[in-house]
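Trainee: Sharing a model that was predicted from the sequence below.
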Amino acid sequence: MKRYREIFRLVELNTTFYRYPKYSAVEKWRRESPRDFEFTVKANQEISHTCRLNYGLAAQAVDKMKGICRILQARILLIQTPGSFAPEGLRDAQEFFRKVEREGLTIVWETRGPRWEETGVRNELRGIMEDVGISHVTDPFRVMPAYTGTVAYFRLHGLGKRMYYYQYTDIELEELYSKIRSFDSFHREVYVLFNNLSMFQDARRFSHFLERGEFPNLTGYTGLDSVKVVIENAGYPITKSTLLKKLGWRVVDIENGKQVRLEELLSGLPTRKYEDAEDVVKEIRAV
């Protein structure tokens, strides 16, 4: 957390989804953070997964989350329903959000599953979200939100075959900016949260781009030197297949202004066990 506070002004607290932290721990997080450091909070799964947005069952859990938000001075509470929560539950969700006493909180809702992306469902979702004043949370590379109120809240999970195993290229981050810039208006705040394995580095690069209009080098090197930095702690000896699985999703600066995914470089290597990073680099150079 110390490292996050030094670099960012915002973090989404996810530990609350899995367990309720002690208030004393939450007080410590707030006390040790700068005054202008912002927490957003992910609601406990008891609300979304166990009680499935049934307010009668979830009322105590909601109160616990509001208590945590008060201590953190958090303005946004994120509720993420599971893929099994289908559009047939929309009316239950509407009733739930109407009954929650928000006490100044902004609640945002992340729906999951392809059915929520259907045109008819999105139209109904938009009407209900506008009615109850809830913003729709999406990954903008997958689908844009059906409705946003005073807050547009985006969560990026990656574009790879495996969820979270992804690192965004500079081109993709530029595309992200073009997708969300229209939401940045006088009456709306835009939150962009990275939720992938390279989230720290990707968020830092995106912030750098927003501030300076350019992206920093990923490793401080280019070409095979860049590759070596990324793979040197892969855990050798290692097989080609394991190396691809562990690091194929990572991105390297192959030359100034040009990036490639490691998978492109590693897939052509001989299928064998590699003793160290230099052994891998040697084979890449030969190929």
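Mentor: Okay, I see it. These figures come from a predicted structure and were not determined experimentally.

Trainee: So Ala277 sits against Gly235, correct?
Mentor: No: counting by CB atoms under 8 Å, Ala277 does not reach Gly235; the two are 10.8 Å apart. All C-beta spots, glycine's among them, are computed from the backbone N, C-alpha and C.

Trainee: How about Tyr274, nearest residue that isn't a chain neighbour?
Mentor: Val280 (5.0 Å; CB to CB, 6 or more residues apart in numbering).

Trainee: Need the three-state assignment for that neighbour.
Mentor: helix (DSSP: H, G, I helix; E, B strand; the rest coil).

Trainee: could you measure it against Gly268, distance?
Mentor: 12 Å (CB to CB, to the nearest Å).

Trainee: what about these two, which has more around it?
Mentor: Val280 (25 against 11; other CB atoms under 10 Å).

Trainee: Looks like that one contacts Leu244 (just checking).
Mentor: No: look at Val280 against Leu244 with CB under 8 Å: they stay out of range, at 11.1 Å.

Trainee: anything in contact with each of these two?
Mentor: Taking CB atoms under 8 Å, 6 or more residues apart in numbering as the criterion, Val280 and Leu244 both touch Leu266.

Trainee: Assign Val11 to helix, strand or coil.
Mentor: Per three-state DSSP, Val11 ends up strand.

Trainee: show me the contacts for it.
Mentor: Contacts of Val11 by CB under 8 Å, 6+ apart are Met1, Tyr4, Phe37, Glu38, Phe39, Thr40.

Trainee: Please list the members of those residues that lie in strands.
Mentor: Glu38, Phe39, Thr40 (DSSP state E).

Trainee: Model confidence at the first one, what's the number?
Mentor: What that stands for is Glu38. Per-residue pLDDT puts Glu38 at 98.

Trainee: burial measure for the nearest residue to it once chain neighbours are set aside, as a count.
Mentor: Leaving out its chain neighbours, the residue that sits closest to Glu38 by CB to CB, 6+ apart is Leu10, at 4.6 Å. Neighbours of Leu10 under the rule other CB under 10 Å: 16.

Trainee: Residue nearest the middle of the chain, spatially speaking?
Mentor: With distances taken as CA atoms, centre = their mean, Asn195 lies nearest the centre of the chain, 2.4 Å away.

Trainee: how close does that residue get to Gln80?
Mentor: 10 Å.

Trainee: and if you look at Pro114?
Mentor: 16 Å.

Trainee: Pick out whichever of those two has more residues nearby.
Mentor: Gln80 (20 against 10).

Trainee: so that one sits right up against Ile107, yeah?
Mentor: No: taking contacts as CB under 8 Å, Gln80 lies outside contact range of Ile107: 11.6 Å.

Trainee: so Thr150 touches His187, yeah?
Mentor: Yes: counting by CB under 8 Å, Thr150 touches His187, with 6.4 Å between them.

Trainee: More neighbours: the two, which one.
Mentor: Legend: neighbour count by other CB under 10 Å for Thr150 and His187, higher for Thr150 (11 against 6).

Trainee: okay, that one: pLDDT?
Mentor: Taking Thr150 on its own, its pLDDT is 93.

Trainee: likewise Ser185?
Mentor: 81.

Trainee: Verify the assumption that it is located in a helix.
Mentor: No: read with three-state DSSP, Ser185 is coil and lies in no helix.

Trainee: Next one: it relative to Leu105, how far apart?
Mentor: 22 Å.

Trainee: who's more crowded, those two?
Mentor: With neighbours defined as other CB under 10 Å, Ser185 and Leu105 compare such that Leu105 has more, 17 against 11.

Trainee: Could you pull up the residues touching the more buried one?
Mentor: Leu105 sits in contact with Lys66, Cys69, Ala74, Arg75, Ile76, Leu77, where contact means CB under 8 Å, 6+ apart.

Trainee: Could you rerun that using 7 Å?
Mentor: Contact partners of Leu105, counting by CB atoms under 7 Å, 6 or more residues apart in numbering, are Lys66, Cys69, Arg75, Leu77.
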